[in-house]
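J.: kindly return the folded structure for what I paste below:
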Amino acid sequence: MNFKSIDFKKINYKKIGKIAYNLVMYLFLGLCAVALVLTVTAKRSSDGAAEIFGYQLRTVLTPSMEKCDETDVSDFGIKSIPQNSMVLVQSVPENEMEAEKWYSELRVGDVLTFRYVYVTQITITHRITSITAKDSGGYIIELAGDNKSSDTSQLYQTIDTSDKTSPNFVLGKVTAVFSVLGFIVSLLKNPIGLVFIVIIPCFIIILLEILKILGAYNAEKQKRNREEAKKKDDELEELKKRLAALEKREETEENGPLEESLKADTIEQKTDIKEEDS
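T.: The predicted structure is shown next:
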C-alpha cells in the first residue's frame, strides 16, 4: 500500500472512532454474556473448577509450564503455558470403556491436568514425557513441567491409570490455552483488579451511552428548532409576498380612474384639433 497516495484529510476519523467504540463495547458485553452463561450453566468440581459440556476451565497457578530453553515444544499442539493462564481441559470420560479409549489416544507431548499427592493433594498441569500400556490394562504415564528451572521438587510425576484407589489420577487433557483470559480472571480475584476491569469500564460505557443519548437529544432539538425557524421564515416570506401583491393591487386600483381620465382628455383634444382643421 502506498501511504503517500492516501488523503488523510478525507478520512472520517469520527466515523472510525464510532465503529471502534461500538466494537469494543459489543466485545465487552459479549464477554460478560459468556461469563454469565458459564456461571449459570456450569457446575463445580470438588476442587472448584467450572465444568460444562465435558470440559473444565482451570487456571495454571505456577510457572512450571512456562517457556524454557531446555524444553523443545515446537512439535506439540499445546506450547508453553504462562503462569495464571486459563486452560480448557477435556475431562476423562466417566464410562470405563470410553475412558480406556480416551487414554489410548494420548501421545507424548500432550498436556494433562491431574491430581497428585506430595504432602497434600494438589492439582497440576504438566506434559506427558512417556506413556506405556500395561499388559494387565491401563497405562503408566510419566509427566514433567516444561520449565526445568522452576519447582524442581514437584517437576516429575508418574500416574498408574489402572489403580482406581490411587490419590494420583488424571482429570483431563488440555485442549486450549487462554493467557489473556487467565490474566483477566486473576485480576478479577483482586479487589483493585475488579475495579479496573469491571467497575471502571462499566462506568465509562454507561457515561458514554448517557453522552450519546444527550447528543442525540440535542441534535433532535436543534433539528426541531431549525425546522421551526424555517417554517417561520417561510411564513414571513409568504406574508411579504401577499403584502406586496396587496400593495400592487391597491396601486392599480388608484391609478385606474386617472388613466381613464387622461385617455378621455386625449380623445377630446384630438377631436378639437380635427374640428379646428375643418
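J.: my guess is residue 129 meets residue 142, correct?
T.: Yes. Using Cβ atoms under 8 Å, residue 129 is in contact with residue 142, at 5.1 Å. C-betas here are computed from N, CA, C, even on glycine.
J.: what is in contact with those two at once?
T.: The contact sets of residue 129 and residue 142 do not overlap (Cβ atoms under 8 Å, 6 or more residues apart in numbering).
J.: how many other residues sit next to the residue lying closest to residue 138 once chain neighbours are set aside?
T.: Spatially, and ignoring its direct neighbours in sequence, residue 138 is nearest to residue 162 (2.6 Å; Cβ to Cβ, 6 or more residues apart in numbering). When neighbours are counted by other Cβ atoms under 10 Å, residue 162 registers 14.
J.: secondary structure class of residue 162, three-state.
T.: The three-state label given to residue 162 by DSSP: H, G, I helix; E, B strand; the rest coil is coil.
J.: measure stretch 85-94 end to end?
T.: 26 Å (Cα to Cα, to the nearest Å).
J.: quick one: contacts of that stretch?
T.: Contacts for stretch 85-94 (Cβ under 8 Å, 6+ apart): 49, 51, 54-60, 81, 99, 101-103, 111, 113, 125, 170-179, 181-183, 185.
J.: mind checking how far it is from the chain centre?
T.: Once both centres are worked out by Cα atoms, centre = their mean, to the nearest Å, stretch 85-94 turns out to sit 26 Å from its chain's centre.
J.: flag every buried residue along it.
T.: Within stretch 85-94, the residues scored as buried using 16 or more other Cβ atoms under 10 Å are 85, 86, 87, 88, 89, 90, 91, 92.
J.: tell me if I'm right that residue 169 and residue 117 touch.
T.: No. When contacts are counted by Cβ under 8 Å, residue 169 is not listed as touching residue 117 (10.2 Å).
J.: neighbour-wise, which of these two wins?
T.: Per other Cβ under 10 Å, whichever of residue 169 and residue 117 has more neighbours is residue 169, with 16 against 11.
J.: re the thing from before, list the residues that contact the residue nearest to residue 138.
T.: When contacts are counted by Cβ under 8 Å, 6+ apart, residue 162 touches 134, 136, 137, 138, 139.
J.: which segments of this structure make up each domain?
T.: 11-41, 44-179, 190-273 (automatic domain parsing).
J.: tell me the average confidence for the last one?
T.: Meaning domain 190-273. Average pLDDT, domain 190-273: 75.
J.: again with the first one
T.: Mean pLDDT, domain 11-41: 67.
J.: what of the longest one?
T.: The average pLDDT within domain 44-179 is 90.
J.: first vs last residue of stretch 143-157, how far apart are they?
T.: Using Cα to Cα, the two ends of stretch 143-157 sit 5 Å apart.
J.: thinking again about what came up before, return the most buried member of the domains of the chain.
T.: domain 44-179 (a mean of 16; mean count of other Cβ atoms under 10 Å).
J.: nothing else from me, thank you.
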